[in-house]
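In: 3D, please:
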Amino acid sequence: MAILAGPTQQPVGVVDAGVLARIEADEIDDDVKTVVGVVNSFSRSSKTGVMFSEDMGRGFRFEYDQPGKLERQDIFSWSQFYGRKIEVDGRFVRFFDQTIKKFIVYRARKFREEE
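Out: Model (predicted):
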């Protein structure tokens, strides 16, 4: 991998194997977190999508980590279709610089606001 700079994109450096491994490495949070959000897009076949959380003030990719096929009217498609909040438990996967790469979902349910 080369580092390029300037308007002509001249090579100014090289990334060695150790640095490249750190860039490509995923870091999974230790703690399981609960996030509330609305699904913006979802693929049933890959069990991946994008969710927006008002609490976090941002959207993020997610991956549902359960074996087998999803039920016909799954919670993620429901949230996307109706624009309704769901609550998901899981762990964030982060890039080497600690920014969020994705959220691995272990459990999902309809969000019930406290009265």
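
In: Name the nearest residue to the spatially most central residue of the chain, ignoring sequence neighbours.
Out: Central residue of the chain (Cα atoms, centre = their mean): K102, 2.1 Å from the mean position. Once flanking residues are discounted, K102 sits nearest to R61: 4.2 Å by Cβ to Cβ, 6 or more residues apart in numbering. Any C-beta I mention is one placed from the backbone N, CA and C, and that applies to glycine too.

In: Return the distance of that neighbour relative to S53.
Out: Note on R61: its distance to S53, by Cβ to Cβ, to the nearest Å, is 12 Å.

In: same thing with T8?
Out: 41 Å.

In: Kindly report the same for A108.
Out: For A108, the distance to S53 equals 13 Å [Cβ to Cβ].

In: right, and the helix or strand after the helix or strand of the chain with the lowest mean pLDDT?
Out: Ranked by mean pLDDT, DSSP states H and E, the weakest helix or strand in the chain is helix 17-24, scoring a mean of 66. Under the assignment DSSP states H and E, the closest C-terminal helix or strand after helix 17-24 is strand 27-28.

In: which outside residues touch that next one?
Out: With contacts defined as Cβ atoms under 8 Å, 6 or more residues apart in numbering, strand 27-28 is touched by R91, F92, V93, R94, F95, F96, Q98, I104.

In: thinking again about what came up before, of T8 and S53, which one has the most company?
Out: Remark: of T8 and S53, S53 carries more neighbours, 16 against 6, as counted by other Cβ atoms under 10 Å.
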